[in-house]
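Novice: Provide a 3D model corresponding to the input given below.
(chains A and B)
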2 protein chains.
Amino acid sequence: MSKLDRALAALDSDRQGALDRLFDLLRLPSISTDPAHVPDCAAAAEWLAGQLREVGFEASVRPTAGHPMVVGKARAARPDAPHVLFYGHYDVQPVDPLELWKAEPFAPAVVEAEPGRSQIVARGAADDKGQLMTFVEACRALHADGGLPCHVTILFEGEEESGSSSLPAFLAANGKELKADLMLVCDTNMWDRDTPLITCMLRGLVLEEVIVKAASRDLHSGMFGGPAVNPIHVLARIVAGLHDDDGRVTLPGFYDGVPELPEEIKAQWAALDFNEAAFLGDVGLSVPAGEANYSVLEQIWARPTCDVNGIVGGYIGEGSKTVLPAQASAKFSFRLVGKQNPQSVIDAFREHVRKSLPEDCEAEFLSHGASPALSLPFRSEAILRASRALEAEWGRPPVLAASGGSIPIVGLFKRELKMDSLMVGFGLDDDRIHSPNEKYELSSFQKGARSWVRILTALAE
Amino acid sequence: MSKLDRALAALDSDRQGALDRLFDLLRLPSISTDPAHVPDCAAAAEWLAGQLREVGFEASVRPTAGHPMVVGKARAARPDAPHVLFYGHYDVQPVDPLELWKAEPFAPAVVEAEPGRSQIVARGAADDKGQLMTFVEACRALHADGGLPCHVTILFEGEEESGSSSLPAFLAANGKELKADLMLVCDTNMWDRDTPLITCMLRGLVLEEVIVKAASRDLHSGMFGGPAVNPIHVLARIVAGLHDDDGRVTLPGFYDGVPELPEEIKAQWAALDFNEAAFLGDVGLSVPAGEANYSVLEQIWARPTCDVNGIVGGYIGEGSKTVLPAQASAKFSFRLVGKQNPQSVIDAFREHVRKSLPEDCEAEFLSHGASPALSLPFRSEAILRASRALEAEWGRPPVLAASGGSIPIVGLFKRELKMDSLMVGFGLDDDRIHSPNEKYELSSFQKGARSWVRILTALAE
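Specialist: Predicted structure coming up:
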């Protein structure tokens, strides 16, 4: 029996123990946004450090300006083994509205959702306590049988749900200690309950706000309507000028660095049982509104966008008010892919705005963030090895997917520590994270731990 | 001594009595929007009915669903005299913020603003108690000397500041009784302290709201950004498409019925001491933004407009939120002139919106009102006679002006009773109506009453 098989067998024979440990963690109401739960967050950190020590890590709880970090380190027997950094977070979302929970959010239970399909129900079951414990349990099984195949550093934070505000400073101060060859993140979903998924690309995000200012105060449209420039009209022209009739963004240079998809990935995505009509129909739409000639999945996963997320100006109450407002503002977001440069996008956008301003108008710009797209190349060694490992566990190759949204911490590690991330998670789209009755499939928890045993082994082969 | 001269002399010799009577009215806090002041509004109505009886009117207080109306009727000695209906309102604006008043709002006083320039300070001093009492005092002087030169009906309402909500039903029920040859309204301003003004035209107003609806719920721009149609973009295109580069409204047929100004009026306006740079500079602007090739006064007084008065969609709080909103809405106002047809404007506007909607979007329309422009022809008999009367009083001819704003009740009387209005008022732009420390020039009050004596006399000649 290989070491791999022995570790998998160990996991299978201690399923109840693993569940008990997860339940211990789930019982701690570590809500990071609520000051009342500061001690619970600290308790969760201490509990995790204890777990890591139990499975062979040198572990410590590190104070921050907010909730503490947990750092654990374990070396592989082979000195030349690859070094991975695993990231997870022990904090959870608030539980309100509490009345919509069928059971206490911090009293975890296994519930049979349908015959043969059990789910762990509790706040944090999926996001992210259940997911991070898949990795800890994998380490436990490997540790019990002679140690880990990779050098492993673990970082658990307690502020992911409240903006990871202490993380940048912590990475800046402890980067050297945390730096590894590859980061592993278990905070994403599977394609479906039976199909694993590696998130290979994350779109970047540029967040800009523009306030167009005209008169020095709100004006009456009877008194000034005509000669007074209306900042809402100016803003509308700015917005209307951002796309052409084919849904392409008109900013000069916007598509610089946008790659075309490899043919085999395009083919894999096209072959997925993704139902465009159902996806759009579910939210009351029927026609993809993005760039012409791209599928919905391509538009979301692999194409850049420009959207207005909010606009406001003048009177917005009931009825009417004949006001010419002094200003109007809008919040814009750009989703970026490939090698699009966030600063170039900002520059082109602001130039577009300035060019659109008539006499007597000025624009104030607020930046709410800018991060490039992130990706592990589809043909990289890490993805190839993780793919083989996941296929061995689940009986089918993983979907090599992208995510239309960003995962802030992945960008942060890339920026601060120049580390790429391998994103493998076992959540499902219906896990109700951030909502009442959050759950995690028991199969995700159990096969997730087995998957990590296989991935760590594969990365070291 | 002519009857006219005797009436003017009577006004001059009873200035203190007139002021005392106005103060009695100003002491009643008849705030129509505040239910706590229902008895005060009733008291003001009773007080006015009493005044009218004192000066020879048959007067009554008429209940409505809201605050009561006061109706008074007095016949001229000459049976074939013209018949006028005078309109005023006895209700006043709320007084908050109270801390900005230098004295109690309902404790009227005469204050010397500068040597030789006295002002009546109180809530309602100008709007509209002081103005309406100029007419009552004129009737008093004429009544004391053999009666009025015109048949006079008076209507005072108590809900002008809260939307005149009972007036339409009252006019519908009592139209026959109220109908006269001409309506007189004293609720407007002079050109300056020494120059009278007749408001000959009022722009009409169409108020439309559009809600553009797309997805059935708000979407996450990471998850849906690209394929999901963004209603803010759709709305921006609708707004941007409403004007061409010369500031003209693009709706087909929009300018049907828009007249060019008579040359002599254009010349009078051009000769006014109206400082475009100061007018715009006062509110932080420098360049007229309306239709090319029209002066600022023409743009405000005699040209139609289209403006967005409010727009809102998506996230409008601090920072950013990557939401694709389910809907976005905007409030539009159209100022109309001449014979522009409000319904045609609405139809053209809605057609423009519908034409601009992409797949999966729909528009909901709300109408917040529609009224045509109103005017007394510049060369009409009423304006010629009133002009001569005002010139005799003030030593200079009145400005034959227009107003960029609408006066809802003038439209209502036109609609319900088919009556044109002669709008002569003695307010000034700096009277601070609706604001703390409202005032009315003592000269406006005194010469205003004299002006009405002259106008009533001139109309009957």
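
Novice: any idea how far the helix or strand that contains residue A:84 is from the chain center?
Specialist: Using DSSP states H and E, residue A:84 sits in strand A:83-89. Here the centre of strand A:83-89 is set off from its chain's centre by 15 Å, with C-alpha atoms, centre = their mean, to the nearest Å.

Novice: can you list the residues that contact that strand?
Specialist: With C-beta atoms under 8 Å, 6 or more residues apart in numbering or on different chains as the test, strand A:83-89 has contacts from A:128, A:131-132, A:135, A:150-161, A:178-187, A:409, A:413, A:419, A:421, A:456, A:459. Every residue, glycine included, has its C-beta placed from N, CA and C.

Novice: let's see 6 Å
Specialist: A:128, A:132, A:135, A:150-157, A:160, A:178, A:180-185 (C-beta atoms under 6 Å, 6 or more residues apart in numbering or on different chains).

Novice: Ok, stretch A:420-428 next?
Specialist: In contact with stretch A:420-428 (C-beta under 6 Å, 6+ apart) are residues A:126, A:131, A:182-190, A:198-199, A:376, A:382, A:386, A:410, A:444, A:448.

Novice: and that stretch, how far apart are its ends?
Specialist: 24 Å (C-alpha to C-alpha, to the nearest Å).

Novice: Phi, psi for the residue in the stretch 201-350 of chain A that chain B sits nearest to please.
Specialist: Across the stretch 201-350 of chain A, the shortest distance to chain B (C-beta to the nearest C-beta) belongs to residue A:222, at 2.3 Å. Phi and psi for residue A:222, reported as degrees, to the nearest 10, are phi -70, psi -40.

Novice: Counting neighbours, what do you get for residue A:16?
Specialist: Neighbour count for residue A:16, taken as other C-beta atoms under 10 Å in any protein chain shown: 8.

Novice: Quick check: residues of the stretch 351-461 of chain A near chain B?
Specialist: Proximity of the stretch 351-461 of chain A to chain B, by C-beta under 6 Å from any C-beta of the partner chain, involves residues A:359-360, A:368, A:404-405.

Novice: of all these, which comes closest to chain B?
Specialist: Nearest to chain B among those: residue A:405, at 2.2 Å, using C-beta to the nearest C-beta.

Novice: ok, that closest one touching residue B:221?
Specialist: No - contact criterion C-beta atoms under 6 Å: residue A:405 and residue B:221 do not qualify, at 7.8 Å.

Novice: ok, these two, which is more surrounded?
Specialist: Using other C-beta under 10 Å as the criterion, residue A:405 and residue B:221 rank with residue B:221 on top: 28 against 18.

Novice: Against which helices or strands is the biggest helix by length in chain A packed?
Specialist: In chain A, taking DSSP state H as the definition, the longest helix is helix A:442-460. Packed against helix A:442-460, as judged by 3 or more C-beta pairs under 6 Å, 6 or more residues apart in numbering or on different chains; DSSP states H and E, are the following elements: helix A:3-13, helix A:129-143, helix A:381-394.

Novice: Narrow the contacts of strand A:83-89 to just the buried residues.
Specialist: A:128, A:132, A:135, A:150-157, A:160, A:178, A:180, A:182-185 (16 or more other C-beta atoms under 10 Å in any protein chain shown).

Novice: what does the stretch 151-300 of chain A put close to chain B?
Specialist: Within the stretch 151-300 of chain A, the positions near chain B by C-beta under 6 Å from any C-beta are A:207, A:215-216, A:221-223, A:225-227, A:229-230, A:232, A:236-237, A:239-240, A:283-290, A:296, A:299-300.

Novice: Restricted to buried residues, select those residues in ChimeraX.
Specialist: Selection of buried members from those for ChimeraX, criterion 16+ other C-beta under 10 Å:
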select /A:207,215,221,222,223,225,226,227,229,230,232,236,237,239,240,283,285,288,289,290,296,299,300
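
Novice: ok so, going back, direction included, what does the strand holding residue A:84 pair up with?
Specialist: strand A:151-157 (parallel), strand A:182-185 (parallel) (DSSP bridges).

Novice: The first one: what's the following helix or strand?
Specialist: Towards the C-terminus, the helix or strand next in line after strand A:151-157, according to DSSP H and E, is helix A:167-178.

Novice: Now that following helix: average pLDDT?
Specialist: Averaging pLDDT along helix A:167-178 yields 96.

Novice: ok so, going back, save the strands paired with strand A:83-89 as CSV, and put in distance to residue A:86 and mean pLDDT too.
Specialist: Formatted as CSV, the strands paired with strand A:83-89 follow (distance: least, C-beta to C-beta, whole Å; pLDDT from 0 to 100):
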stretch, distance to residue A:86, mean pLDDT
strand A:151-157, 5, 98
strand A:182-185, 5, 97
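
Novice: TSV please, covering those strands and showing distance to residue B:25.
Specialist: Formatted as TSV, the strands paired with strand A:83-89 follow (distance: least, C-beta to C-beta, whole Å):
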stretch	distance to residue B:25
strand A:151-157	71
strand A:182-185	76
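
Novice: tell me which residues of stretch A:14-28 are tucked away?
Specialist: Here stretch A:14-28 shows A:14, A:18-19, A:21-23, A:25-28 as buried, counting by 16+ other C-beta under 10 Å.

Novice: Give me the neighbour count for the closest residue in space to residue A:324 that isn't next to it in sequence.
Specialist: Leaving aside its chain neighbours, residue A:324 sits nearest to residue A:219 (4.2 Å; criterion: C-beta to C-beta, 6 or more residues apart in numbering or on different chains). Neighbours of residue A:219 under the rule other C-beta under 10 Å: 23.

Novice: wait, what's in contact with the residue of the stretch 51-200 of chain A found nearest chain B?
Specialist: The minimum distance from the stretch 51-200 of chain A to chain B, using C-beta to the nearest C-beta, falls at residue A:163 (10.4 Å). With contact set as C-beta under 6 Å, 6+ apart, residue A:163 has no partners.
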